[in-house]
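Asker: got a predicted structure plus its sequence, pasted below:
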Amino acid sequence: WQLFSPRNRGTKPKDCLKHMHKYEWSDYRGGDMITEKDALTPHKIVEELDRYIVGQEKAKKAVAIALRNRIRRQCLPPEIREEIAPKNILMIGPTGVGKTEIARRLAKLCNAPFLKIEATKYTEVGYVGRDVESMVRDLMAAAVSMVKEEMETQVENEAKRRAEERLLDILLPGLAKSDEPIGQSQATLIIPSSGMETKEKFRSLLREGKLDSRQIEILVPAQGPQIELFAGTQFEEMNIALGGLQGLFGGNKKKKTVSVAEALPILEAEEKEHLVDQEKIVQEARRRTQELGIIFVDEMDKIANREARGSSGIDVSREGVQRDLLPIVEGTIVNTKWGPIDTTHILFIGAGAFTVAKPQDLIPELQGRFPIRVELDALTGDDFVRILTEPKNALVTQYIQLLGTEDVQLEFTEDAIARIAEIAAAANRQSENIGARRLQTVMERLLEDISFYADQHVGTKVIIDRAYVDERFKDYVQQQDLSKYIL
């Protein structure tokens, strides 16, 4: 199916979406081909998020619709598609309730370039620190790394074959000539049968690992002087302009003595670099950044100006960061060392606790750039029970697998899990509410002795019941003193 190919872009939206249910967005490559797979309908996206995140149905629903709208947008004619911008989302909720995890899982689900940053790391232009445009450059860098890894995976087998041939040529210098023609006019060199037999014997020894400890000498790229500049708008622009100068110093090679086991991955990496097209990597990375990129801006409440207008000092910088964010979120061109990036269709997901400051404390222009607001609920004891057991990466499962590596069989009873959740919920109520992160503190305290003396429990089964939990937290039961469990 070539739904997005140029000859099919006139397809009616209804016909396009009729077939869209068969496909997954992560299989869309280069705007030409999409392969049949499970659906990415909104309810399917929510089901996938449910595997890792407990509760927060409103937030899941909002991000699922945002992702689905990106798919729908691709079915529209170009003149309409360019007019439709993503609807940015602002998540409001206390720490540890799943804001970051929702955005991170969404990015993995749709195979999109994803960047999580804190709004507090940026400063207004003119102040010492990083400017907000650097987040777009970081997103592009993540996209380049993602696409490069995918393309190198496609040529992995060929790279291994070539690296193996190069390694054999080094081990057998007398047979260093390749038996493959370099050009159309070059005749194939025929190696004598005795030489071929020797080469095949060494190939077998190499694959069996019997040559791993042998020391050889290979040529590796020489590292040129590193050009590092301080953060800031002018310095980062200079870094982009001077980025190509590193190639002037890094073109030479130097000899390095390594073992055969160490040489093979080095040679494979070099062959992958030769086999992939760097221009195609940058081209695909730019497309994904501009069309699929997701930037998660955390701690947005920390840049809200809680004072009245006309404040000075740090509040000026806070408001300045908000003003600098406006054009990035609305859509502008940001220069990177890979070329200009248009941020118009990048999806921005903002998040913050907003316990002291409120969303209304943001400047009105920035509030308007995040039209969808979702409030996440604080976690209860029942939610903690589900978090401990239901998600694919549940904490109980993690500790069982960790201790299982030392042949210690760990088992939690239902009343023990309920008691752990009760203690964590009480700790959040009586001190700072840090959400699900409290469970990590409680679990570490609970299993501290078992983890420390794991070598003495090899081959045994350890049952964690309510009595064991109460014994480990008897100071809490008696005094209700939770200060030592605060992160």
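Answerer: Sure thing, it's come through.

Asker: low-confidence ranges, the chain, go.
Answerer: Residue ranges of the chain with pLDDT under 70: 1-39, 124-129, 174-195, 223-251, 306-316, 476-487.

Asker: can you show me the strands along it?
Answerer: Along the chain, counting by DSSP state E, strands occupy 89-92, 114-118, 215-221, 253-259, 294-298, 333-336, 339-342, 347-352, 372-375, 409-412, 461-464.

Asker: tabulate those in a markdown table, adding columns for mean neighbour count and distance to residue 101.
Answerer: For every residue, glycine as well, the C-beta is placed using N, CA and C. Output for the strands of the chain, formatted as a markdown table (neighbours: other CB atoms under 10 Å; distance: least, CB to CB, whole Å):
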| stretch | mean neighbour count | distance to residue 101 |
| --- | --- | --- |
| strand 89-92 | 24 | 11 |
| strand 114-118 | 19 | 10 |
| strand 215-221 | 14 | 39 |
| strand 253-259 | 12 | 41 |
| strand 294-298 | 24 | 10 |
| strand 333-336 | 17 | 28 |
| strand 339-342 | 15 | 27 |
| strand 347-352 | 26 | 11 |
| strand 372-375 | 16 | 14 |
| strand 409-412 | 16 | 23 |
| strand 461-464 | 14 | 26 |
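
Asker: ok, which of those strands comes nearest residue 439?
Answerer: When these are compared by CB to CB, strand 409-412 sits nearest residue 439, at 12.7 Å.

Asker: right, and the strands of the chain - which one's nearest residue 389?
Answerer: Residue 389 sits nearest to strand 409-412 of all these, at 8.4 Å, using CB to CB.

Asker: who touches the closest one?
Answerer: 396, 399-400, 403-404, 450, 460-464 (CB atoms under 8 Å, 6 or more residues apart in numbering).

Asker: of those, which is the nearest to residue 77?
Answerer: residue 396 (51.1 Å).

Asker: what is the burial count for that closest one?
Answerer: Per other CB atoms under 10 Å, the neighbour tally for residue 396 reads 21.

Asker: which ones are touching it?
Answerer: So, once contact is read as CB under 8 Å, 6+ apart, residue 396 ends up touching 388-389, 412, 417.

Asker: what residues does the nearest residue to it once chain neighbours are set aside make contact with?
Answerer: With sequence-adjacent residues excluded and distances taken as CB to CB, 6 or more residues apart in numbering, residue 396 is closest to residue 388, at 5.0 Å. Going by CB under 8 Å, 6+ apart, residue 388 touches 394-396, 417, 420-421, 439.

Asker: before we move on, the earlier item: report the two of the contacts of strand 409-412 separated the most.
Answerer: Taking CB to CB, no two of those sit farther apart than 396 and 460, at 18.5 Å.

Asker: re the thing from before, any idea which of the contacts of residue 388 is closest to residue 302?
Answerer: residue 439 (25.0 Å).

Asker: now that closest one. Nearest residue, chain neighbours left out?
Answerer: Per CB to CB, 6+ apart, closest to residue 439 is residue 424, 5.1 Å.

Asker: the closest residue to residue 299 other than its chain neighbours bridge partners, please.
Answerer: Excluding its sequence neighbours, the residue lying closest to residue 299 (CB to CB, 6+ apart) is residue 118, at 4.6 Å. For residue 118, the beta-bridge partners are residue 298 (DSSP bridges).

Asker: hang on, the earlier thing: got a markdown table for the contacts of residue 388, with distance to residue 75 too?
Answerer: As requested, these are exported to a markdown table (distance: CB to CB, whole Å):
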| residue | distance to residue 75 |
| --- | --- |
| 394 | 38 |
| 395 | 41 |
| 396 | 43 |
| 417 | 46 |
| 420 | 48 |
| 421 | 45 |
| 439 | 43 |
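
Asker: count the neighbours of the residue nearest to residue 439 for me.
Answerer: Residue 424: 27 surrounding residues under other CB under 10 Å.

Asker: stretch 364-383: end-to-end distance?
Answerer: 35 Å (CA to CA, to the nearest Å).

Asker: show residues contacting that stretch.
Answerer: 54-56, 58-59, 62, 66, 87-94, 96-99, 322-323, 325-326, 329-330, 348, 350, 359-360, 387, 421-422, 424-425, 428, 433, 435-436.
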